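[1] Any chance you could fold what I've pasted below:
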Amino acid sequence: MDRAVLLNPPLILSTDSRAFQLMKNQKSILLTIVIGLTAWGIFHTVGAYRGVDPDDVDIRRSLVVAVSFALFMGFWGLMLWLRSTRLRQEKQDREQDSDAPPEL
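    Down below sits the predicted model:
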């Protein structure tokens, strides 16, 4: 048996299966995580701007935090997009392989 099939078995799910329900909720879970991380980044950006001393206000600190957070979220989003593209391509390849006539 092909090693790739053993590592990534094809999923055959019915709409009432538990795995299907978990996959359906993945987007809402991911959205919740993104919203939470964004709120966390804004909280730290505002905290960096205000600082400990009310008279010590410096926008450069908040810009460093905001840019770092934006780079992190951008990299994470890129990795999620690349993963979904790879999984979509693997699914299409599996479907094409199953539709192709057997080789003699």
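[2] Count residues in the vicinity of residue 46, would you?
    12 (other Cβ atoms under 10 Å). Placement of C-beta: from N, CA and C, glycine included.
[3] How many neighbouring residues does the nearest residue to it once chain neighbours are set aside have?
    Counting by Cβ to Cβ, 6 or more residues apart in numbering, residue 62 is the residue found nearest to residue 46 once chain neighbours are left out, at 7.2 Å. The local packing of residue 62 (other Cβ under 10 Å) involves 18 other residues.
[4] what's the answer for residue 39, then?
    Residue 39 has 10 nearby residues by other Cβ under 10 Å.
[5] What strand or helix carries it?
    Taking DSSP states H and E as the definition, residue 39 sits inside helix 18-50.
[6] Show me what counts as buried in that helix.
    Using 16 or more other Cβ atoms under 10 Å as the test for burial, helix 18-50 gives 41, 45, 48-49.
[7] Between these, which sits nearest residue 98?
    residue 41 (43.9 Å; Cβ to Cβ).
[8] what's the closest one in contact with, if anything?
    65-66, 69, 73 (Cβ atoms under 8 Å, 6 or more residues apart in numbering).
[9] Write a PyMOL command that selects only the buried members of those.
    Only the buried entries of the contacts of residue 41 go into this PyMOL selection, using 16+ other Cβ under 10 Å:
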select buried, resi 65+66+69
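[10] Just want the angle from the longest helix anywhere in the chain to helix 18-50.
    Ordering each helix of the chain by length in residues (DSSP state H) puts helix 59-99 first. Angle of helix 59-99 versus helix 18-50, following axes from the mean of the first three to the mean of the last three Cα atoms, to 10 degrees, is 160 degrees.
[11] returning to what we had before: which pair in the contacts of residue 41 spans the largest distance?
    Greatest spatial distance among the contacts of residue 41 (Cβ to Cβ): 65 and 73, at 12.5 Å.
[12] Identify the residue nearest the geometric centre of the protein.
    For the chain, the residue nearest the mean C-alpha position is residue 80 (3.7 Å; Cα atoms, centre = their mean).
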